[in-house]
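>>> Below: sequence and its predicted model.
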Amino acid sequence: MDADTSDSDADTAAATAGSLTRRATAFARLFEAVHEGVYIGTIGSGASGTTATLAANPHLKLIFGYDSDVPESRHPPVRGRSLRRSARA
């Protein structure tokens with residue numbers, strides 16, 4: 001590989017990384033700002049049947065009666081969850 005090709009590959013990689021960073025940032029802003037409950041995780045998928053919360057936006061946390069700043073590690077998976085009686089309207 002010559003130096004010109006190497007530089008071109010590095011430029012392409014840097015541009016791709018920059019584009020991915022901008023997309024990730026935009027998605028994160030949308031995820032946090034949307035006024036709908038958004039859940040990202042697994043619900044009994046695969047052979048293990050593991051259920052786990054990877055991310056829950058602040059609105060979903062409020063729907064389930066948690067403070068919006070509760071970390072996902074303390075937020076139980078959605079599976080089998082129902083709204084607290086006081087949160088149902």
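Sure thing, it's come through.
>>> what about the strands in the chain?
39-45, 50-56 (DSSP state E).
>>> hey, least reliable of those strands by pLDDT?
Mean pLDDT is lowest for strand 39-45 among the strands of the chain, at a mean of 77.
>>> With respect to G65, which of the strands of the chain lies nearest?
strand 50-56 (12.3 Å; CB to CB). Glycine gets a C-beta too; all of them are placed from N, C-alpha and C.
>>> Neighbouring strands of that closest one in the sheet, and parallel or not?
Strand 50-56 sits in its sheet next to strand 39-45 (antiparallel), going by DSSP bridges.
>>> Quickly list the domain ranges of this structure.
1-33, 36-89 (automatic domain parsing).
>>> Burial-wise, tell me which of those domains comes out on top.
domain 36-89 (a mean of 13; mean count of other CB atoms under 10 Å).
>>> Sketch out the low-pLDDT regions of this structure for me.
1-7, 10-11, 45-46, 75-89 (pLDDT under 70).
>>> Can you list the residue ranges for helices in this protein?
Here the chain has its helices, by DSSP state H, at 3-33, 58-63.
>>> Reformat those as CSV; add distance to I40.
Formatted as CSV, the helices of the chain follow (distance: least, CB to CB, whole Å):
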stretch, distance to I40
helix 3-33, 8
helix 58-63, 10
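>>> can you tell me how far G49 sits from A56?
According to CB to CB, to the nearest Å, G49 and A56 sit 20 Å apart.
>>> What of S8?
For S8, the distance to A56 - CB to CB - is 42 Å.
>>> R22 now?
In terms of CB to CB, R22 sits 24 Å off from A56.
>>> Quick check, central residue of the protein?
A55 (4.4 Å; CA atoms, centre = their mean).
>>> now it, which residues is it bridged with?
Bridge pairing for A55 - DSSP bridges - gives I40.
>>> Do I have it right that it meets A28?
No - in this structure, A55 is not within contact of A28 by CB atoms under 8 Å, at 9.6 Å.
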